[in-house]
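Trainee: Predicted model and sequence follow; I will ask about them next.
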There are 2 protein chains.
Amino acid sequence: MRVLAATTNEGKLKEIKRIMEPLGFEVVEPKRKLKVEESGTSFLENAYLKACAYYKEFGLTTIADDSGLVVDSLQGYPGIFSSRFYALDFGGKELPEPSATEANIRKLLRLLKGIEDRGAKFVACVVLYTGDKGLFAEGECKGEILEEKRGEGGFGYDPIFKPEGFEGSMAQLSPEEKDRISHRGKALRKLSELLGGLGYTPQICP
Amino acid sequence: MRVLAATTNEGKLKEIKRIMEPLGFEVVEPKRKLKVEESGTSFLENAYLKACAYYKEFGLTTIADDSGLVVDSLQGYPGIFSSRFYALDFGGKELPEPSATEANIRKLLRLLKGIEDRGAKFVACVVLYTGDKGLFAEGECKGEILEEKRGEGGFGYDPIFKPEGFEGSMAQLSPEEKDRISHRGKALRKLSELLGGLGYTPQICP
């Protein structure tokens, strides 16, 4: 089954392909990036908004992922604001230097300095959309926030997130290990199971 | 397949049963009403919030519907606020007398007094939820807002909504006619088609 990935985030694209292609999907990259206002109040809503926008523009069955890091001691922040946390008033703004990712990590480590409760989870919601109907699935990966960055793999907050049951950070896992335990891996496999039952019917795959 | 309806709105319950039972679903009513804050910014999000709340409370595969009336000349209002339009600052509040429904209709007719563009549509989003995954489908019914109430059938804004291609109001249609053209009928049938392909697999029906 051919699906358009509603993202131009390279880290996300790579993982979506890596997880979905062995499940039998052909993952197509969008020809250009769309500016989608992620105005929803949840991962589901923002994934849906992205899926809708790409579906309308390109007319293909679309897979979108919205995901983020939910930190216990920050009342769930950065949550749906994970990719633009540096720019939020909450906790004080940071300049996106040398990159937005670095600024996000710097801000989070600053806010958690001296905080004992470092519990957190990565959450993903994926939506497969075909115009006026679709499927969705959620995945979580529990863990805690490290005191400093470790590892070079993954992307986003991976270097400061230690998954439950592991010693190192998410960025120190091999791609296969990460996909096996990650929020995105779990959500995409659930979606695939759900879809597998559908076969490739005209209803879901026009 | 057995599904819990995440609503205690009698009109909605009646229609969900009427539409879904012939499609092979056993629709179960909740034992008690839950107070769910519909804090989302879309029909999908609010349907999802209701489905989640009822699923968590009762542990059954849950069907939720969020729907409303989208009026062209009111920039889409009342939209997701349809059931509590009377209480919104937008357009001025009304007292919920003799009922919230009457106050909603009174307010809408007041705001559209003398307005030539009376185009509107009913929109529904239905969500079938089983814990961490689900399906959704959307349905629309286009039409226009009448100058005054007509008919006794249906519920909500039905008496002032004239569906495209009909002379009378939604409240003047027989239940069968309404279900055939209504936003809710279309959305639930799409969901059923989508689910039909799934068979009753353990993934969707634990």
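Mentor: Yep, that arrived. Because the structure is a prediction, the values reported are computed rather than measured. Residues are numbered from 1 along each chain as shown, chains lettered A, B, ... in the order given.
Trainee: What does the pLDDT read for A:T8?
Mentor: pLDDT recorded at A:T8 is 85.
Trainee: Could you say which helix or strand holds it?
Mentor: Applying DSSP states H and E as the criterion places A:T8 outside every helix and strand.
Trainee: right, and A:L188 touches A:A137 too?
Mentor: Yes - if you go by Cβ atoms under 8 Å, A:L188 and A:A137 touch, sitting 7.5 Å apart. (C-beta placed from N, C-alpha, C; glycine too.)
Trainee: residues shared between the contacts of these two?
Mentor: Residues touching both A:L188 and A:A137 (Cβ atoms under 8 Å, 6 or more residues apart in numbering or on different chains): A:V126.
Trainee: And the longest strand belonging to chain A, how far out from the chain middle?
Mentor: The longest strand of chain A (DSSP state E) is strand A:133-145. Computed by Cα atoms, centre = their mean, to the nearest Å, the chain-centroid distance of strand A:133-145 equals 8 Å.
Trainee: what angle separates that strand from strand B:133-145?
Mentor: 130 degrees (axes from the mean of the first three to the mean of the last three Cα atoms, to 10 degrees).
Trainee: What strands flank strand A:133-145, and is each parallel or antiparallel?
Mentor: Paired neighbours of strand A:133-145 in the sheet (DSSP bridges): strand A:119-129 (antiparallel), strand A:161-163 (antiparallel), strand B:133-145 (antiparallel).
Trainee: could those go into CSV alongside mean neighbour count, mean pLDDT and distance to A:K14?
Mentor: Formatted as CSV, the strands paired with strand A:133-145 follow (neighbours: other Cβ atoms under 10 Å in any protein chain shown; pLDDT from 0 to 100; distance: least, Cβ to Cβ, whole Å):
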stretch, mean neighbour count, mean pLDDT, distance to A:K14
strand A:119-129, 25, 97, 15
strand A:161-163, 23, 98, 18
strand B:133-145, 22, 96, 24
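Trainee: would you list those strands in JSON lines and tack on distance to A:D179?
Mentor: JSON lines is the format used below for the strands paired with strand A:133-145 (distance: least, Cβ to Cβ, whole Å):
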{"stretch": "strand A:119-129", "distance to A:D179": "12"}
{"stretch": "strand A:161-163", "distance to A:D179": "12"}
{"stretch": "strand B:133-145", "distance to A:D179": "18"}
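Trainee: how much space is there between A:C52 and B:A124?
Mentor: From A:C52 over to B:A124 the distance is 16 Å, taken as Cβ to Cβ, to the nearest Å.
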